[in-house]
Every structure is written in C-alpha cells, then in structure tokens.
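Participant: What follows is a predicted protein model with its sequence.
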Amino acid sequence: MSTWNWTSPVLLKVLFSSDHGMFTWTPILILAFAGLFLVMKRDKLLGAGCLLTFLAFYYLIASYADWDGLSSYGNRFFISLTPIFVLGLAALLSALSSWLGKTARAAAVACPVLALLILWNAGLIFQWGTHMVPARGDISWSAMIRNQFVEVPRRVTHSLQTYFLHRGEMMQHIEQDDIDQQKLEIRRGD
C-alpha cells in the first residue's frame, strides 16, 4: 500500500476530525490561521510566504496515509509551523488592539478568550495524557466535553499531587495503561 494519497488528500479530516484534527484538537490555531491573512495585509511577501508554507504542509500531511500522527496529541505534524502560527496570532491580537484602541477594552476581550482556549487545550491534553480519551483514533465529542467540565477538574488536583509526590508510580501506571490499550487494539484487529 502506498503511504501517499496525492490524488485524494483528506483535507477536511486533517483540520476537523475527532481523530487528531488540527483545529478541533488545538482550537487556538483557528485564530492563528485567520491572523495569517492580516500578516499578508501588512507585509505581502511575508504573509504570502507563511500562507504558502502552511498550505504546502497542509496538502503534504493530508496526502499522507497516517495524517493523524497515530498516537500523538493533536496533529503533531504541524508543530514545525509554530513560528508561523505565533506570527498569525500576534497579527490578530495586534489588529484587535487597533480596532478596540490601545485601552483596557482590547485586553478585556482578548485575555479571557485566550485564557479559555488555553484552559480548554490543557484540559484536552490532560484527558489525552491520562487516557480519558483514546490515544489513537476518533474520540467521542460528548464524552470529551463532559470530561472537560466534570472529570478534569476532579482529577487534576489528584494527578498533580501524584505527579509531585509519587511520580514513579504514576509513570508506571500510565505506561501500563498504554501497553494494555495496545494489546486490546491488537486483539480487536485479529
């Protein structure tokens, strides 16, 4: 089987799939991507270069058979584009500041939105890292959302205590859970 699907890339899945979609697993990247158009408005060459680089990566990843990155958090293939996303987010925040004026209003709008996106992502990372959602394959959105509001707040305090006071035991437990999950997947495949 070919590892590249040049003529039928999975363009929507790469961005919006529950199986490690870039925007669904890291929603702040929606704002960062939108900001790239503002970068182009300020500096056509830099903006066009950033957008073309993103689009080339995007097509390449969407054409790869293992586009989801298997058992990584989110879509790890886009990590190398972090400087481009930071530039896009900075351009968006700068434009927001200009639109609202350099007053407390800009911060009053941007800070809570960014804080919520960061907390949302931290909660999803916590769920993925503690196997509250599957490490591989699609996740259940309803279970993930319920976990964000119910299970993550309940478990995070206990996990932090365990991490700082009993780290070795915690790591062994996580590794054993991963091994058990892999064995279960192998059995299902037979």
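Facilitator: Yep, that arrived.
Participant: ok, and residue 31, which helix or strand is that part of?
Facilitator: Using DSSP states H and E, residue 31 sits within helix 28-42.
Participant: for that helix, packing partners?
Facilitator: helix 22-25, helix 44-63, helix 82-100, helix 104-129 (3 or more C-beta pairs under 8 Å, 6 or more residues apart in numbering; DSSP states H and E). Every residue, glycine included, has its C-beta placed from N, CA and C.
Participant: hmm, try it at 6 Å
Facilitator: Secondary-structure packing of helix 28-42 (3 or more C-beta pairs under 6 Å, 6 or more residues apart in numbering; DSSP states H and E): helix 22-25, helix 44-63, helix 82-100.
Participant: could I get the ones you listed as a markdown table with mean pLDDT and distance to residue 137?
Facilitator: Formatted as a markdown table, the helices and strands packed on helix 28-42 follow (pLDDT from 0 to 100; distance: least, C-beta to C-beta, whole Å):
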| stretch | mean pLDDT | distance to residue 137 |
| --- | --- | --- |
| helix 22-25 | 93 | 13 |
| helix 44-63 | 97 | 17 |
| helix 82-100 | 91 | 25 |
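Participant: Can you tell me which of these is most buried?
Facilitator: Most buried of the helices and strands packed on helix 28-42 by mean neighbour count (mean count of other C-beta atoms under 10 Å) is helix 22-25; its value is a mean of 22.
Participant: residues making contact with that helix?
Facilitator: Residues outside helix 22-25 that contact it (C-beta atoms under 6 Å, 6 or more residues apart in numbering) are 15, 16, 29, 30, 74, 75, 78.
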